[in-house]
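A.B. asks: no sequence on hand, only this structure:
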Ligand code: SF4
C-alpha cells in the first residue's frame, strides 16, 4: 500500500507531465483517416506535433484552429469553422477529432454549440463525424486526455446495441491505455487471433504509427480503426480494457451497448498474463494454445536467469500512473525494490503501487528521491536522461516521449513474450553497468565496517 | 516600460529588415507574419520563438509561466551546447492549475522565482509569459520587478504569449526584452580593441566552437554571443563591443540595429556556412574592428589565416568531386542558408537544382542568381506534395532541409540530410563544410537505397491483372468492412504464396539479384514507392510546417 502525496512546489522543475489535450489528439491518431484538431493558438499544436514526430519518427497529422489574440477575445467560433472547412476540403478526412486547450477553456468557448451551428450552416458536413472533447491544459495530464477522448469517441461513434441482430461471439472490443505501444498492440492482436477472436482496437495506433512506409501521402492518419468499424462495436461479446485509465471508456461502452467488460489493469508480468490467458480461454472455450504455454515457460526461465541481477535493485521510476503501476509491480515481483516513485496525475491504482509512497510531482522530485534513497536504476521517458547521468546510474527509457533513441514504437512489454524481453533488457542493462562502473579495485573493500550501509527493511 | 502591443508594433517596424523596408506603411503595420489559416499548418508560437532565442543562455534559469502545455510538451528539444553551466537544460514552469486560473497566477509565479533562487541560485531568471496567464491578466513585469528587488537578482520578464504571433515574432520579442532589461546593465573587467558581439547564433551542436579557434588565433574576443553558449553577465556588458556580426537568421536584427543606434556598434550580416562565406565574414569582422580603432595589421593576419585555411579546405573537398559528379541537390531551408552553402557545394561538384526562398530577402535572391545563374530554380513556398513530385521526377538526388520535411524525402526512398536546428552535426566554418560533405556522401551512397527501391518480390505479381484480382479477393475476404482504396495502407497481398515462393526460389537459383525494374523512371527514385501518382488534392498539412 503506497501513500500518495502531491508535490507542494510552486515551480515544477523538469516536468514529467505532458498536457491533456495532446493526450487526446494522440487517441485520435489511432483512427483511420482522422485529423486531430487542437482548438487553441498555433503553438500548442506545433509543440504537440514536434513531440510526436520526434517519438515516432513519422509524419504526424495534427491541426490547429490558430487562435490569435484577437480571435481569443472574439471567441473561437469563426476559427473553428474555418479550420473544419479547410481540413474538410483539403484533407478529406473520415473524422475530425477536436480537443480544447487552456486558452479556449479559459475563454469559455462552447464548442458543442459551435459545432451545431457549423453543421447547420454547411450541410456538406452532415456525414462527417466531428468528435469534441474538453481537455483544458491546466487540469489533469496526458493519460487523462487519452482516456476521456476514447470515452467520448464511444459516446459519439458507437451505434447503440441493435437487439434485432445477434451478438458476434467471436468479436471483442479492446480499449488500450496510452501506455501501450504499437508493438504492444501487435502482440495483443496476435494473442486474440490465436484464440480465434476478432479484436477491434479503439484506438488502434498499431495501424497508424508503427513505422511502415506508406505508398502514398495522406494528409490524415493512415491505418487505424475506421469509423465504420467503431460504429459496430456494440455488437460484440466482450470489451477488454487495458489500464485503469480505460475504466471510464469501458463503462461508457457497457452503458451504451450492454456489452460486459473486463478491465486488466496490467499486462506485464507472469501472474497478470496467466489471468489474461485464463480469461481468453474461458470466453472462447478454447484451451490456451501451445505457443503460449511455451512462452510461459520461457518467461519463467527468464525470471530465473534474471532475478540474480534484478533482485535487490533499488529502482526510481517516473511514469504516468498506469505505466508506473504496471512496471513497478512487475519488477517488484522480480525482487526489485521500488524505492522512488513519481507520477503525473491521480489514479486509483497509485495506492496499490508496491512501494512506500508515490509522489505526484516532477523529475526533480524523482532525482532527489533517487539520490537520497540511493537508487541504482532509473526508469522514465527520455527526459529522465539528465537526472540519470547526474546520478550516474543506468537509465531505462520507457513511455512517451522517447525522442533520443530509435524504435520507440516497437518496445513491447505485454504478454509473456513482452515481459520476457523487458526482463532481459533490464537485467542486461544492470550487468553492463556492473561491468563498466562497479568492477572491484584494490581499495573496494578497504573501508571499515562502520561505513557499511544499512538498507531499511521496510523498503522491501 | 513599454506595453506589449507597442513593442510588437515597434518590432514590425524594423528598418534594419530589408524585406520590411520594401513594404508600404499599411503592410508593415500588419506585421511580418502572415495571419495563420486555421486548419492550415501549425508553426511555432511567439513563446516558442522567444524561448528558442534565449534558452542558449546557459547560466540563466528559464521559467515558463503557464499551464503544463507550453513547457511540458516542448522542453529539451534543441541541441545547443554549453561550455559551462547546465542550468539552461533544466526546465522550470509554474504548471498553473485551475485554481491559479481562477485566482490569478502571480503569487505562484513569485513563489516559483523564490524556489528557483533558493535551490539553484542562478545568475538571472528569465520569466516567459504564455497565453493563459496573459489572458487572465497576470502582470509578470510587476512580479519580476518585485522579485528582483526582493532576491537581489535580475528577474527578466519576456513578454511572449504564443497567440500574439509567429515564432519569428517571438525571436524579436526576446531581443526586445534583452534590449530593455539586460544589455548595458553591466561592465566587463576590461575591454580590448578586438571585442566583437555575435548575434543570432545559437551554438547548435557546438557549431560556434568550429569558428571560435580562428577568432582566438587572430586575438579577436567574442565579448558576447547572443545567445549560443552565452552567459548572463556577457550580455549585460555586450554594449562595450567594437563591432558585431549578425549570423544567418534575421531573427535578432532588431538587437543588432538598436545596439548600433544606442551604442554606435557597427554590424554586418554574415554567415559561417561555406568556405567563401566564412572567409568573407572573417574579413568583415577584421575590417570593422580596424575601423573602430584596432591596428591595421589585423587585416594582414586575417588574410594570412584565410589563405592558409582555404587552401586546406579546398584541397580537402577535392576528394568528394568524383563521388559527387552529376549528383543534384535540392535545398529547402530559409533565409541566408539558401545560398550560403551553395558555393562550396558547387565547388565539390554537386549541382544545385533548386533552393527555397521562402524567408529570403531580395538581396538573398540576387545572391542566388549570382551563384546559380538566372535560371536558378527558386522555390517560393512549396507544398510537400510538390517537393515530393520534384524528387520523384528525378529533379534531385538528395534533399537538404529541416527535420519537419524529412518524411517527404525518406518516404520517397530518397536520401535526405538535416541542415536545420535539430541536426546532430555541426557544419560551420572550414571544418564544418567538410563534415557536411561527408554526411552528404554517406547519405547519397548508403547501400539502403537500392534495396528499398527494389520493392518486395510479390509487388510485381500484384500489379499484373491476375495478381490484382487475387489481391482484391483476398483483401475482401480478410477485411470485409474496410475499403482499401481510401486512406488505408495498401494491403499487401500474401496471396498465392506458392507462386511467390516459387518465384523466390527461381530468383535464388539465378543469383541474388531480383528482377530488373521494368520502368525505372529515374535513377534516383525507385519504381515501387516513388513512381506512384499522388492525387493532386492531397496536401499533407502536417508536413507543411517545413521550415
Ligand atoms: S500558443 Fe500559447 S498556450 Fe500554446 S504553447 Fe504557445 S504560449 Fe503556450
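C.D. replies: Thanks, I have it. The model shown is predicted, which means the values in this text are computed figures rather than measured ones.
A.B. asks: got the residues of the stretch 101-250 of chain B near the ligand?
C.D. replies: Residues of the stretch 101-250 of chain B lying near the ligand by C-beta under 6 Å from any ligand atom: B:130, B:131, B:161, B:162, B:163. The C-beta positions use only the backbone N, C-alpha and C, and glycine is treated the same way.
A.B. asks: ok, so of these, who is nearest residue B:321?
C.D. replies: residue B:162 (47.2 Å; C-beta to C-beta).
A.B. asks: residue contacts, the closest residue to that closest one other than its chain neighbours?
C.D. replies: Nearest residue to residue B:162, sequence neighbours excluded (C-beta to C-beta, 6 or more residues apart in numbering or on different chains): residue B:45, at 3.0 Å. Going by C-beta atoms under 8 Å, 6 or more residues apart in numbering or on different chains, residue B:45 touches A:41, A:42, A:43, A:44, A:46, B:131, B:162, B:163, B:165, B:166, B:167, B:170.
A.B. asks: what about 10 Å?
C.D. replies: A:40-47, A:64, A:66, B:36, B:51, B:70, B:130-131, B:160-167, B:169-170 (C-beta atoms under 10 Å, 6 or more residues apart in numbering or on different chains).
A.B. asks: what residue in chain A comes nearest to the ligand?
C.D. replies: residue A:43 (2.6 Å; C-beta to the nearest ligand atom).
A.B. asks: part of a strand, is that residue?
C.D. replies: No - applying DSSP: H, G, I helix; E, B strand; the rest coil, one finds residue A:43 to be helix, outside a strand.
A.B. asks: thought it was touching residue B:69?
C.D. replies: Yes - with contacts counted by C-beta atoms under 10 Å, residue A:43 reaches residue B:69, the gap being 8.6 Å.
A.B. asks: in the chain, which helix is the longest?
C.D. replies: Since no chain was named, I'll use chain A. Scanning chain A for the longest helix, with DSSP state H as the assignment, gives helix A:415-437.
A.B. asks: not what I meant, chain B
C.D. replies: helix B:297-318.
A.B. asks: which strands and helices sit next to it?
C.D. replies: helix B:208-218, helix B:275-291, helix B:342-347, helix B:429-444 (3 or more C-beta pairs under 10 Å, 6 or more residues apart in numbering or on different chains; DSSP states H and E).
A.B. asks: and stretch B:142-149, does that touch chain A?
C.D. replies: No - using C-beta under 10 Å from any C-beta of the partner chain, stretch B:142-149 stays clear of chain A, coming no nearer than 11.9 Å.
A.B. asks: what residues sit buried inside that stretch?
C.D. replies: B:143, B:144, B:147, B:148 (16 or more other C-beta atoms under 10 Å in any protein chain shown).
A.B. asks: now do the shared contacts for residue A:43 and residue B:69.
C.D. replies: Counting by C-beta under 10 Å, 6+ apart, the residues touching both residue A:43 and residue B:69 are A:101, A:103, B:130, B:131, B:162.
A.B. asks: which of those residues fall in helices?
C.D. replies: Counting by DSSP H, the shared contacts of residue A:43 and residue B:69 contribute A:103, B:131 to helices.
A.B. asks: now the two most distant members of the shared contacts of residue A:43 and residue B:69.
C.D. replies: Between all members of the shared contacts of residue A:43 and residue B:69, the farthest pair (by C-beta to C-beta) comes out as A:101 and B:130, at 11.3 Å.
A.B. asks: three-state assignment of whichever residue of the stretch 251-400 of chain B sits closest to the ligand?
C.D. replies: Nearest to the ligand in the stretch 251-400 of chain B, going by C-beta to the nearest ligand atom, is residue B:251, at a distance of 17.1 Å. Secondary structure, three-state DSSP: residue B:251 is helix.
A.B. asks: for it, which non-adjacent residue is spatially closest?
C.D. replies: Here the residue nearest residue B:251, using C-beta to C-beta, 6+ apart, is residue B:171, at 3.5 Å.
A.B. asks: now that neighbour. Its backbone dihedrals?
C.D. replies: Phi and psi for residue B:171, reported as degrees, to the nearest 10, are phi -50, psi -50.
A.B. asks: contact partners for it?
C.D. replies: Per C-beta under 10 Å, 6+ apart, neighbours of residue B:171: B:11, B:44, B:46, B:48-54, B:160, B:200, B:249-255.
A.B. asks: so after whichever strand or helix holds residue A:131, what's the next helix or strand?
C.D. replies: Assigned by DSSP states H and E, residue A:131 belongs to strand A:130-133. Where DSSP H and E defines the elements, the next helix or strand beyond strand A:130-133 is helix A:142-157.
A.B. asks: what comes up buried for whichever helix or strand comes after that following helix?
C.D. replies: From helix A:142-157 onward toward the C-terminus, using DSSP H and E, the following helix or strand is strand A:168-176. Within strand A:168-176, the residues that qualify as buried are A:171, A:172, A:173, A:174, A:175, A:176, counting by 16+ other C-beta under 10 Å.
A.B. asks: same deal with stretch A:200-210?
C.D. replies: For stretch A:200-210, by 16+ other C-beta under 10 Å, it's A:200, A:201, A:202, A:203, A:204, A:205, A:206, A:207, A:208, A:209, A:210.
A.B. asks: redo those as JSON lines? Include pLDDT and distance to the ligand.
C.D. replies: Below are the buried residues of stretch A:200-210 laid out as JSON lines (pLDDT from 0 to 100; distance: C-beta to the nearest ligand atom, whole Å):
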{"residue": "A:200", "pLDDT": "97", "distance to the ligand": "34"}
{"residue": "A:201", "pLDDT": "97", "distance to the ligand": "31"}
{"residue": "A:202", "pLDDT": "96", "distance to the ligand": "28"}
{"residue": "A:203", "pLDDT": "96", "distance to the ligand": "24"}
{"residue": "A:204", "pLDDT": "95", "distance to the ligand": "28"}
{"residue": "A:205", "pLDDT": "94", "distance to the ligand": "24"}
{"residue": "A:206", "pLDDT": "91", "distance to the ligand": "29"}
{"residue": "A:207", "pLDDT": "80", "distance to the ligand": "29"}
{"residue": "A:208", "pLDDT": "76", "distance to the ligand": "25"}
{"residue": "A:209", "pLDDT": "79", "distance to the ligand": "23"}
{"residue": "A:210", "pLDDT": "68", "distance to the ligand": "28"}
